[in-house]
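Novice: Output the structure for:
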Amino acid sequence: MPYELTISTSFRDLWQAAFYCHDRINTSTPFARLLGLQEQVVPFGLILFLAGSMSHADQAKIQTGFKNAIYHWPAFIGDTFKKKFVIKSIRLTKNQESMYDIECIIHNQRGQKIFTCTKTMLFPYPCPPSQMTYDQSGYMKKDFLNHLTNQSEVLQTLGSKTISSVRPEQLIIHTLSRPLSQGHMMSLATLGRLTHERHFNTLKYKNDELYVPGALVLAMTLSLASRDLHEVLFEELIECTFPNHLSPDDIVGSISYVSSLNEHVSGDIECLTIRTIGIKKMDVPVQLLGKPLPLELFTTKIMKPSILEDFLKKNRPELCKHIVCIADRKIYRQAPKQTPFLL
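Specialist: Below is the predicted model:
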């Protein structure tokens with residue numbers, strides 16, 4: 001695409017004012033430099049938002065999800081990004097609408113590949129189904145992650161700031177909840193160079209008919225889990241979907257399920273595979289605390305929206321039409337400090 005965008009400190013500040021994060025790799029330049037980086041890293045959610053933002057997709061109906069989002073090399077304030085979009089496949093829905101899978105690729109001003117992800121969008125018209133192939137050699141390289149895992153001795157010297165241990169099959173009900181205001185949403189959408197009328201046109205749409213962009217819904221969902229999963233060094237998104245729309249000013253809470261734990265990635269780094277679910281218009285820590293939730297919501301393949309709603313009607317009807325994001329991801333973080341116990 002012909003667009004180039006240089007990220008400023010004010011853009012990052014506006015982002016961090018909306019999405020909670022206290023991971024030092026994103027908030028502390030001295031910490032990042034001790035890990036061999038030039039300064040604090042642009043947050044994962046922000047770079048994904050930039051990768052998927054399009055100024056030429058006004059005919060799209062909705063964005064349905066992301067998958068295979070990988071942070072290949074760190075981005076920093078002052079970097080200039082160029083984007084490339086490749087249509088990977090087109091398929092028809094039963095309603096004769098077109099579902100597009102689009103590969104989103106970001107390079108910096110030095111030509112380094114920074115980020116890749118696949119974005120899925122729904123367009124309200126039929127197109128002939130198509131499946132194409134293109135060279136993806138090197139797309140799965142994780143130089144950023146490899147760099148961090150090679151810093152195990154430095155991390156041991158710095159000590160772990162991870163607050164709490166987790167275990168497989170643990171459900172975490174996060175206590176942090178918040179909305180994204182209309183003004184904040186519009187500012188971020190404009191900075192990301194989004195132009196779809198569903199984000200802006202208050203003459204045509206009422207407030208509850210405006211849509212928060214999908215990447216911002218994802219960022220909100222994951223940020224609400226951040227405090228309980230501190231301290232993350234690196235993350236990658238396996239897949240996420242947006243079963244229901246989120247409007248500006250809707251309160252959002254989240255819950256996370258720990259699918260697996262690899263305690264020995266490198267030195268004191270551990271890898272968690274987690275499903276995090278964003279829930280709107282509910283006081284999640286109050287209304288869900290102590291209540292049983294169906295295991296299938298966390299352990300099966302992410303359900304299609306219609307199947308999900310049917311499942312919830314039978315098993316947890318108060319959640320119907322309230323789930324706005326389901327995200328499967330891996331996070332790499334410093335392992336909690338182990339304190340020996342002597343008898």
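Novice: what separates residue 185 from residue 253, distance-wise?
Specialist: In this structure, residue 185 and residue 253 are separated by 18 Å, where distance is defined by C-beta to C-beta, to the nearest Å. Placement of C-beta: from N, CA and C, glycine included.
Novice: In terms of neighbours, single out the busier of the two.
Specialist: Neighbour comparison, residue 185 and residue 253: the larger count goes to residue 253, with 27 against 24 (by other C-beta atoms under 10 Å).
Novice: Show me what that one is bridged to.
Specialist: Note on residue 253: beta-bridge partners residue 279, judged by DSSP bridges.
Novice: Surely residue 16 is in contact with residue 43?
Specialist: Yes. Taking contact to mean C-beta atoms under 8 Å, the distance of 7.3 Å between residue 16 and residue 43 places them in contact.
Novice: shared neighbours of these two, which are they?
Specialist: Contact with both residue 16 and residue 43 is made by residues residue 26, according to C-beta atoms under 8 Å, 6 or more residues apart in numbering.
Novice: Tell me which of the two has more neighbours.
Specialist: residue 43 (25 against 16).
Novice: Nearest spatial neighbour of that one, chain-adjacent residues omitted?
Specialist: Nearest non-adjacent residue to residue 43, counting by C-beta to C-beta, 6 or more residues apart in numbering: residue 26, 4.9 Å away.
Novice: Format the CA atom coordinates belonging to whichever strand or helix holds residue 277 as CSV.
Specialist: Taking DSSP states H and E as the definition, one finds residue 277 inside strand 269-280. Output for strand 269-280, consisting of C-alpha atoms alone and laid out as CSV, is shown next (Å, rounded to 0.1, in the frame of the first residue of the first chain):
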residue,chain,number,x,y,z
ILE,A,269,10.9,-17.8,31.0
GLU,A,270,7.6,-19.8,31.0
CYS,A,271,5.0,-20.1,28.2
LEU,A,272,1.3,-20.1,28.9
THR,A,273,-1.4,-21.1,26.4
ILE,A,274,-4.5,-19.1,27.4
ARG,A,275,-8.0,-18.5,26.2
THR,A,276,-9.2,-15.0,27.2
ILE,A,277,-12.9,-14.1,26.8
GLY,A,278,-14.2,-10.5,26.7
ILE,A,279,-17.7,-10.0,28.1
LYS,A,280,-19.7,-6.7,27.7
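Novice: For stretch 301-320, list every residue counted as buried.
Specialist: By neighbour count with 16 or more other C-beta atoms under 10 Å, stretch 301-320 contains the buried residues 302, 303, 305, 308, 309, 311, 312, 316, 319.
Novice: who's in contact with the first one?
Specialist: The neighbourhood of residue 302, defined by C-beta under 8 Å, 6+ apart, consists of 239, 240, 241, 326, 328.
Novice: what's the burial count for residue 113?
Specialist: By the other C-beta under 10 Å criterion, the neighbourhood of residue 113 contains 17 residues.
Novice: for the closest residue to it other than its chain neighbours, what are its contacts?
Specialist: In space, residue 113 comes closest to residue 72 once its chain neighbours are excluded; the distance is 5.1 Å by C-beta to C-beta, 6+ apart. Residues in contact with residue 72, defined by C-beta under 8 Å, 6+ apart, are 112, 113, 114, 115, 116, 141, 142, 143, 144.
Novice: Output the lowest mean pLDDT helix or strand found in the protein.
Specialist: Scoring the helices and strands of the chain by mean pLDDT, DSSP states H and E places strand 130-131 at the bottom, with a mean of 64.
Novice: C-terminal to the lengthiest helix in the chain, which secondary structure element comes first?
Specialist: Among all segments of the chain classified by DSSP state H, the helix with the greatest residue count is helix 214-229. Per DSSP H and E, helix 214-229 leads on to strand 232-241 as the next helix or strand towards the C-terminus.
Novice: ok but residue 103 is inside a strand, no?
Specialist: Yes. Note on residue 103: a strand contains this position according to DSSP: H, G, I helix; E, B strand; the rest coil.
Novice: what sits against it?
Specialist: When contacts are counted by C-beta under 8 Å, 6+ apart, residue 103 touches 85, 86, 87, 88, 116, 117, 118.
Novice: nearest spatial neighbour of it, skipping sequence neighbours?
Specialist: residue 86 (4.3 Å).
Novice: in the helix or strand where the one you found lies, what counts as buried?
Specialist: Assignment of secondary structure by DSSP H and E places residue 86 within strand 80-92. Along strand 80-92, the positions that meet the burial threshold by neighbour count (16+ other C-beta under 10 Å) are 81, 82, 83, 85, 88, 89, 90.
Novice: That strand pairs with which strands?
Specialist: For strand 80-92, the pairing partners within the sheet under DSSP bridges are strand 4-6 (antiparallel), strand 98-107 (antiparallel), strand 130-131 (antiparallel).
Novice: Please work out the average pLDDT along it.
Specialist: Model confidence over strand 80-92 averages 91 on the pLDDT scale.
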